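Chemist: here are the coordinates; sequence isn't available:
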Ligand code: EPU
């Protein structure tokens, strides 16, 4: 990266790190370094930065909590922008029964679940235990068996490559299973970056909401290996059968490559059990895919986003 570009980025954002190891910022705790790692503290900094990187044609990616991101060991030669410091959550309007909430992209999904409970608002508990930020969750339409982020969204605010702020209603956005497709908007406006999310919650009973949350968290702990670093579900669930069930039926639980292992608790969790590299995880994933295909003729598709040079 040119020195001039580094200086320009430092002029826009205070919080800039060079050659930053991504294992410090991903839930997998693996990955090489990002040439530049930036954490904007305000939406203005964020949009200025996006405008500058686009105008100087500098490669970048935006990350949320790093809970669905696998960075290659060779690192990322470009700018990684973390939204983690853009975490404001506000109640915008209410008629006493419905409450309009606006959250900046970097607000934690669990912070939102807790915010909803604190304010006796229902509709957010389906997301209990989903790690990462609400921006990341929106980008991949994260969800559980009882709901997806798209169920509660009213509108999403974006930053365009020119640094403009644009809002689109849910009807204008294309949500799919574990995916938000923006290609129809990107054709007109250029690659859009999520800035904030607006949604509606309803008046609920605080104690009931709290108990439901605790119960869902308990069930998650029982069925998922949250004691090890991972990205949650590694593969999307194919239409035919859940990935975890297919992997389990292949007898792959406990399979290891280096420090990576198919969890004994849940087949769709490829955990970093002991200082795994990204290469270990990718090699393990490949073995799993080959076996599942040979047994069932189904090609598993990664849910995790793999980046790097
Ligand atoms: N199963 C097995 N063996 C296993 C794992 C699962 O037979 O080793 C079976 C289970 O018994 C169940 C089915 O497969 O009948 C589905 O498993 P589970 O209920 O654990 O849900 P999942 O489909 O694997 C989804 C989400 C999770 C979310 C859970 C709970 C996807 C890809 N994953 O998992 O989300 O926590 O439901 O609602 O949709 C994530 O996306 O990172 C994530 C953790």
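Modeler: On my side now, so go ahead. These figures come from a predicted structure and were not determined experimentally. Numbers count the residues shown, from 1 in each chain.
Chemist: can you verify my assumption that residue 99 contacts residue 204?
Modeler: No. Assessed by CB atoms under 8 Å, residue 99 is found out of contact with residue 204, at 10.0 Å. No exception for glycine: its C-beta is placed from N, CA and C like everyone else's.
Chemist: identify the contacts common to those two.
Modeler: residue 121 (CB atoms under 8 Å, 6 or more residues apart in numbering).
Chemist: looking at those two, which one has more neighbours?
Modeler: residue 99 (21 against 18; other CB atoms under 10 Å).
Chemist: quick check: which element contains that one?
Modeler: Using DSSP states H and E, the element containing residue 99 is strand 98-104.
Chemist: which other helices and strands does that strand contact?
Modeler: strand 89-94, helix 109-118, strand 193-203 (3 or more CB pairs under 8 Å, 6 or more residues apart in numbering; DSSP states H and E).
Chemist: and of those, who's closest to residue 240?
Modeler: helix 109-118 (28.2 Å; CB to CB).
Chemist: in that closest one, what counts as buried?
Modeler: 109, 110, 112, 113, 115, 116, 117 (16 or more other CB atoms under 10 Å).
Chemist: same check on stretch 179-189?
Modeler: Neighbour-count burial for stretch 179-189 flags 180, 182, 185 (criterion: 16+ other CB under 10 Å).
Chemist: give me the contacts around that stretch.
Modeler: For stretch 179-189, the external contacting residues (CB under 8 Å, 6+ apart) are 138-141, 150, 158, 160-161, 166, 168, 172-175, 191-192.
Chemist: mind checking which of those residues land in helices?
Modeler: 138, 139 (DSSP state H).
Chemist: most widely separated two among the contacts of stretch 179-189?
Modeler: Between any two of the contacts of stretch 179-189, the greatest separation by CB to CB is 24.5 Å, found for 150 and 161.
Chemist: between the two, which one's more packed in?
Modeler: Set residue 150 next to residue 161 and count neighbours by other CB under 10 Å: residue 150 wins out with 20 against 16.
Chemist: tabulate the buried residues of stretch 179-189 (CSV), appending pLDDT and secondary structure.
Modeler: CSV is the format used below for these (pLDDT from 0 to 100; DSSP: H, G, I helix; E, B strand; the rest coil):
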residue, pLDDT, secondary structure
180, 96, strand
182, 97, coil
185, 96, helix
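Chemist: just those residues now: which is nearest the ligand?
Modeler: residue 180 (14.5 Å; CB to the nearest ligand atom).
Chemist: which residues does the closest one bridge with?
Modeler: residue 175 (DSSP bridges).
Chemist: the strand holding residue 99 to strand 89-94, inter-axis angle?
Modeler: 150 degrees (axes from the mean of the first three to the mean of the last three CA atoms, to 10 degrees).
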